[in-house]
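Q: what would the 3D arrangement of this be:
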Amino acid sequence: MEYTMEHYRQSADDLRSRIGSFRPEVFLVLGSGLGFLAEQVEDACAIPYTEIPHFPASTAPGHKGRLVFGLLEGRRVAVMQGRTHYYEGYSLQDVTFAVRVVRLLGAEAMVVTNACGCVRSDWQAGSLMLIQDHIKLCLDSPLRGANPEAFGPRFPDMSHVYTPRLQDIARESAKALGIALKEGVYMFFPGPQYETPAEVRAARLLGADAVGMSTVPEVIAARHCGMQVLGLSLLTNMASGILAQPLSEQEVLDAAAAASEQFSRLVRQCLCRM
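A: Presented below is the predicted three-dimensional model:
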């Protein structure tokens, strides 16, 4: 469906009735197998998506499907514990619905994470990557259709999609923690099938360092809303064709679990410095 400002406001009003005077500063969007960060939120108020008016439900494995409000490293956060994806049958407006609602609640920055495939053969699975930029060749856009002027302009600039100041914070945080942080370009594929070896080669030729099925729609919506954006990827597996083995969903979840402590430390350190 095509949402109007009334839909977004109804969801925001419902959430305000539950969280009272609490106003989030930072919106955290957690990818496959990375929902553990929501369990670390203090004074938490967890609200299932199914209880929020107009809110799409998450059906992907490893996604709990709830919004968690509370404190993390002293920051007031709203945590999306599991996201919705285009491949689940949702529109890109559905996928980005939460971004606009949380923006109405007051969030000025978004930290978005994902589990994705590594395109570069000189990198290793299990590494963390700071997203510098992205590539989206999928013809659809979360901004397609009527433009809600209250959020942003009809033709938003995408020159600096990922906020340079927040990228610097991520670099400083990784250095302070002794974490090797890769930096690269994330390419969005709609899925749900994994990319073919030929598609991975094409992604590499286009300048991508990682491929995945999320993140970019939410980032576009956040920038349209005027939010600052920090993107972090966990390279859970080598992309198709790099290794002579098939890809599996379990491999992604296992890798996310193995990197959970390191990933958590990095995100929390970034929050401390924001």
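Q: pLDDT weak spots in the stretch 1-150 of the chain?
A: Low-confidence segments of the stretch 1-150 of the chain (pLDDT under 70): 33, 59-63.
Q: need the strands for it, in chain order.
A: Applying DSSP state E, counting those that start in this stretch to the stretch 1-150 of the chain gives strands spanning 26-30, 42-48, 66-72, 75-81, 109-118, 128-136.
Q: which among the ones you listed is found nearest to L232?
A: Checking the strands of the stretch 1-150 of the chain against L232 by C-beta to C-beta gives strand 109-118 as the closest, at 5.0 Å. All C-beta atoms are positioned from the backbone trio N, CA, C, and that covers glycine.
Q: so which elements touch the closest one?
A: Contacts defined by 3 or more C-beta pairs under 8 Å, 6 or more residues apart in numbering; DSSP states H and E place strand 109-118 against strand 26-30, strand 210-212, helix 216-224, strand 228-238, helix 249-258, helix 260-273.
Q: who's in contact with the first one?
A: So that's strand 26-30. For strand 26-30, contacts defined as C-beta atoms under 8 Å, 6 or more residues apart in numbering pick out 37-38, 72, 75-83, 98-99, 102-103, 107-113, 215, 218, 222, 227, 267, 271, 274.
Q: let's see 6 Å
A: By C-beta atoms under 6 Å, 6 or more residues apart in numbering, the residues outside strand 26-30 that reach it are 37, 75, 77-81, 83, 102, 107, 109-113, 218.
Q: could you do the longest one as well?
A: Surrounding helix 260-273, the residues in contact under the criterion C-beta under 6 Å, 6+ apart are F36, L37, L72, E73, R75, I169, A170, S173, L177, I179, L234.
Q: again, only using 8 Å
A: Under C-beta under 8 Å, 6+ apart, the answer for helix 260-273 is 26, 28, 33-34, 36-37, 40, 72-75, 77, 111, 113, 128, 166, 169-170, 172-174, 176-177, 179, 181, 230, 232, 234, 256.
Q: ok, back up a step: which of the contacts of strand 26-30 sit farthest apart?
A: R75 and R83 (19.9 Å).
Q: ok, these two, which is more surrounded?
A: Between R75 and R83, counting by other C-beta atoms under 10 Å, R83 is the more crowded of the two (28 against 18).
Q: any idea how far A38 is from the more buried one?
A: Distance of R83 to A38, computed by C-beta to C-beta, to the nearest Å: 12 Å.
Q: coming back round to it: which of the helices and strands packed on strand 109-118 sits closest to F189?
A: For the helices and strands packed on strand 109-118, the distance to F189 is smallest for strand 210-212, at 5.8 Å, taking C-beta to C-beta.
Q: so what secondary structure elements neighbour that closest one?
A: Counting by 3+ C-beta pairs under 8 Å, 6+ apart, strand 210-212 packs on strand 109-118, strand 181-188, helix 197-206, strand 228-238.
Q: and the third one, how far from the chain's centre?
A: For helix 197-206, the gap between its own C-alpha mean and the chain's C-alpha mean amounts to 23 Å (C-alpha atoms, centre = their mean, to the nearest Å).
Q: packing partners of it?
A: Judged by 3+ C-beta pairs under 8 Å, 6+ apart, the packing partners of helix 197-206 are strand 210-212.
Q: which residues are contacting the strand it packs on?
A: Identification of contacts with strand 210-212 by C-beta under 8 Å, 6+ apart yields 114-119, 129, 184-189, 195, 199-200, 203, 233, 235, 239.
Q: now do 7 Å
A: Residues outside strand 210-212 that contact it (C-beta atoms under 7 Å, 6 or more residues apart in numbering) are 114, 116-119, 129, 184, 186-189, 195, 200, 203, 233, 235, 239.
Q: work out the gap between it and the centre of the chain.
A: Relative to the chain's own centre, strand 210-212 is displaced by 13 Å; criterion: C-alpha atoms, centre = their mean.
Q: and what of stretch 214-228?
A: That offset, for stretch 214-228, works out to 9 Å (C-alpha atoms, centre = their mean).
Q: and it, what's its mean pLDDT?
A: Average pLDDT, stretch 214-228: 98.
Q: residues contacting that stretch, please?
A: Applying C-beta under 7 Å, 6+ apart, the contact partners of stretch 214-228 are 29, 31, 83, 85-86, 92, 95-96, 99-100, 103, 107-110, 112, 114, 134, 136, 141-143, 151-152, 156, 158, 161, 163, 166, 186, 188, 229, 231.
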